[in-house]
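Visitor: Predicted model and sequence follow; I will ask about them next.
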Amino acid sequence: NRLVKKGSKAFYIIAPVLINTGDKDKDGAPVKLLIGFRGVPVFKHEDTEGEELPSVEPPTPPPLKEVASKWKVKVKYTGEIGNVYGTYSPSEKVIRLCTHDENTYYHELAHAAHDRVLEGRGEKLSTTDKTQYAKQEVVAELSAATIAFIYGRKTHIGNSYKYIESFSDGNGSYKACLSVLAEVEKVVKTILGDAETKWI
């Protein structure tokens, strides 16, 4: 029950064109045949108005949600944040997520923890200093992978490796990780220190 706002432009996705063959499969369901594809116009939710959209909150909060609450860091789920799955804003103290993936939450929580560690030393997270920003991303990703491992959660080690490598400035993931181990230890201890959920 939502309508497209006047002047909004659609983008097209490819959808399958299926026809019924008249046959049934072993469970009695109709057998369909793919005969091609067609373009289907779709619109961003921001380009529509009407009834409220369903919540994008996960059915159960991610483990360690209480840590963000203790730090008065808001966790907001949203449908879209540009080309990323999550962000942490140090000025607003807000984690924004457009996925229910726990590892993304851990990554952004690690940024919030790193922010606390740096504040204690009179420093700040940086989005303008390229070298500092790269280091912060390595700290957050390695901390997130560590937290996921400690809690026995599903980890995406291959993705973490590639992500860290993309911020290693050509020096490789191993060197990038070794260069931030002391900082990762502080970040992980900061998170675990305020965790109510016991780890394995």
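Guide: That came through fine.

Visitor: Do a quick rundown of the strands in this structure.
Guide: Using DSSP state E, the strands of the chain run over 2-4, 11-24, 30-42, 48-50, 74-77, 86-89, 94-97.

Visitor: Nearest approach to Asp115 belongs to which of the ones you listed?
Guide: Closest to Asp115 of the strands of the chain is strand 86-89 (C-beta to C-beta; 7.4 Å). Where C-beta positions appear, they are placed from N, C-alpha and C, glycine not excepted.

Visitor: Pull that closest one out as PDB, backbone CA atoms only.
Guide: Written as PDB, here are the backbone C-alpha positions of strand 86-89 (Å, rounded to 0.1, in the frame of the first residue of the first chain):
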ATOM      1  CA  GLY A  86      27.400  -0.500   8.300                       C
ATOM      2  CA  THR A  87      28.900   2.700   9.700                       C
ATOM      3  CA  TYR A  88      29.800   4.200  13.100                       C
ATOM      4  CA  SER A  89      29.500   7.900  13.700                       C
END
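
Visitor: for that strand, packing partners?
Guide: strand 94-97, helix 102-120 (3 or more C-beta pairs under 8 Å, 6 or more residues apart in numbering; DSSP states H and E).

Visitor: any idea which of those is most buried?
Guide: helix 102-120 (a mean of 22; mean count of other C-beta atoms under 10 Å).

Visitor: ok now that helix, how far from the chain's centre?
Guide: Centroid separation for helix 102-120 versus its chain: 13 Å, with C-alpha atoms, centre = their mean, to the nearest Å.

Visitor: Can you tell me which helices and strands it packs against?
Guide: Packed next to helix 102-120, using 3+ C-beta pairs under 8 Å, 6+ apart, are helix 65-70, strand 86-89, strand 94-97, helix 130-150, helix 181-193.

Visitor: can you pull the buried residues of the second one?
Guide: If I follow you right, that is strand 86-89. 86-89 (16 or more other C-beta atoms under 10 Å).

Visitor: ok, of these, which one's closest to Glu165?
Guide: Nearest member of the buried residues of strand 86-89 to Glu165, counting by C-beta to C-beta, is Gly86, at 19.4 Å.

Visitor: Let me see the contact set for the closest one.
Guide: 95-99, 104-105, 107-108 (C-beta atoms under 8 Å, 6 or more residues apart in numbering).

Visitor: Throw the residues you listed into JSON lines and include distance to Phe167 and pLDDT, thanks.
Guide: Formatted as JSON lines, these follow (distance: C-beta to C-beta, whole Å; pLDDT from 0 to 100):
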{"residue": "Ile95", "distance to Phe167": "20", "pLDDT": "96"}
{"residue": "Arg96", "distance to Phe167": "20", "pLDDT": "93"}
{"residue": "Leu97", "distance to Phe167": "20", "pLDDT": "93"}
{"residue": "Cys98", "distance to Phe167": "21", "pLDDT": "90"}
{"residue": "Thr99", "distance to Phe167": "20", "pLDDT": "89"}
{"residue": "Thr104", "distance to Phe167": "16", "pLDDT": "94"}
{"residue": "Tyr105", "distance to Phe167": "20", "pLDDT": "95"}
{"residue": "His107", "distance to Phe167": "12", "pLDDT": "97"}
{"residue": "Glu108", "distance to Phe167": "16", "pLDDT": "97"}
